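Asker: Here is a sequence with its predicted model. Questions after.
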Amino acid sequence: MSEHPTIPLDRYREYPIDEMRARLKDFYEDIDRRRTVREFSDRPVPRDIIETALQAANTAPSGANLQPWHFVVVSGPEAKKKIREAAEVEEREFYEHRASDEWLAALAPLGTDEHKPFLETAPYLIAVFLQKYGELPDGRKVKHYYPTESTGLATGMLITALHRAGLATLTHTPSPMKFLNEILGRPKSERPFLLLVVGYPADDAEVPDIKRKSLEEFTSWVEE
Ligand code: IYR
């Protein structure tokens, strides 16, 4: 290995196997209650909660540790309204023309349509941007590696952190989402990755009756 600065792994914790099982069971039972929600309350959420969840997301592994993501936290009503209007224009086009019949059939169990009131109701929209390349203060470009995988991992950790805090999320992917660069003033080096809607669910929120695959269906084990 090449010479490079290191520090002891002194924050790692090992648990006895039974404790490992118990911790994991707790975690699984909690994350298994996560559902994507499309009906949000307008109840406020303290900003520090969002900040800590973002700090958790920022611990995600990334290609060459270049952390190729940027999160824009939108809580202002004017910006939310602009985002809703722009998203609904694209979504109307999607549902009326762009989506294939096959795609619309796949979405039917979710009951989604072009109306996106949650973009104004929920207290926070977190626009996740993927940095295709970094930019140094002098304008030079820094190549990024695996930005899609890295940003996906960070976003998954953000969703997990917010769920653990007791908040609901919706991964919204209006397509195309270029409008987010314009509304939020992000540079062309950044590609909108997804829009995360965050808040409390509405009191009467309902979710689609859908199932998760069983362990047997989604895993294979090679043991020899
Ligand atoms: N972006 C649209 C359509 C949509 C697409 C998929 I794939 C979904 O899982 C859900 C929705 C929308 O947000 O309605």
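Answerer: Now that the structure is in, tell me what you want to look at.

Asker: If you drop the residues flanking it in sequence, what lies closest to Thr112?
Answerer: Nearest non-adjacent residue to Thr112, counting by Cβ to Cβ, 6 or more residues apart in numbering: Arg38, 7.3 Å away. C-beta: built from backbone N, CA, C; applies to glycine.

Asker: Tell me if I'm right that the one you found and Thr121 touch.
Answerer: No - Arg38 is beyond contact range of Thr121, at 10.4 Å (criterion: Cβ atoms under 8 Å).

Asker: These two - which one has more neighbours?
Answerer: Arg38 (22 against 17; other Cβ atoms under 10 Å).

Asker: is it fair to say the more buried one lies in a strand?
Answerer: No - read with DSSP: H, G, I helix; E, B strand; the rest coil, Arg38 is coil and lies in no strand.

Asker: got the phi/psi numbers for it?
Answerer: phi -120, psi 0 (degrees, to the nearest 10).

Asker: What count of nearby residues applies to the residue of the chain at minimum distance from the ligand?
Answerer: Nearest residue of the chain to the ligand: Thr112, at 4.0 Å (Cβ to the nearest ligand atom). Residues lying near Thr112 (other Cβ under 10 Å) number 16.

Asker: Tell me, what's the model's pLDDT at it?
Answerer: pLDDT for Thr112: 94.

Asker: Put the alpha carbons of the lengthiest strand in the chain into CSV.
Answerer: Across the chain, the longest stretch assigned as strand under DSSP state E is strand 190-199. Only the C-alpha atoms of strand 190-199 are listed here, as CSV (Å, rounded to 0.1, in the frame of the first residue of the first chain):
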residue,chain,number,x,y,z
GLU,A,190,-25.0,19.2,-11.0
ARG,A,191,-27.8,16.9,-12.2
PRO,A,192,-31.0,16.8,-10.2
PHE,A,193,-31.2,13.3,-8.8
LEU,A,194,-34.5,13.3,-7.0
LEU,A,195,-36.8,15.5,-4.9
LEU,A,196,-37.4,14.2,-1.4
VAL,A,197,-40.6,15.4,0.2
VAL,A,198,-40.3,15.4,4.0
GLY,A,199,-42.7,15.9,6.8
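
Asker: Double-check that Thr169 belongs to a helix.
Answerer: No - Thr169: not assigned to a helix; according to three-state DSSP it is strand.

Asker: residue contacts, the residue nearest to the spatial centre of the chain?
Answerer: In the chain, the C-alpha nearest the mean C-alpha coordinate belongs to Thr155, at 3.8 Å (Cα atoms, centre = their mean). The neighbours of Thr155, taking Cβ atoms under 8 Å, 6 or more residues apart in numbering as the test, are Ala57, Trp69, Val128, Thr171, Phe193, Leu194, Leu196.

Asker: That'll do, ta.
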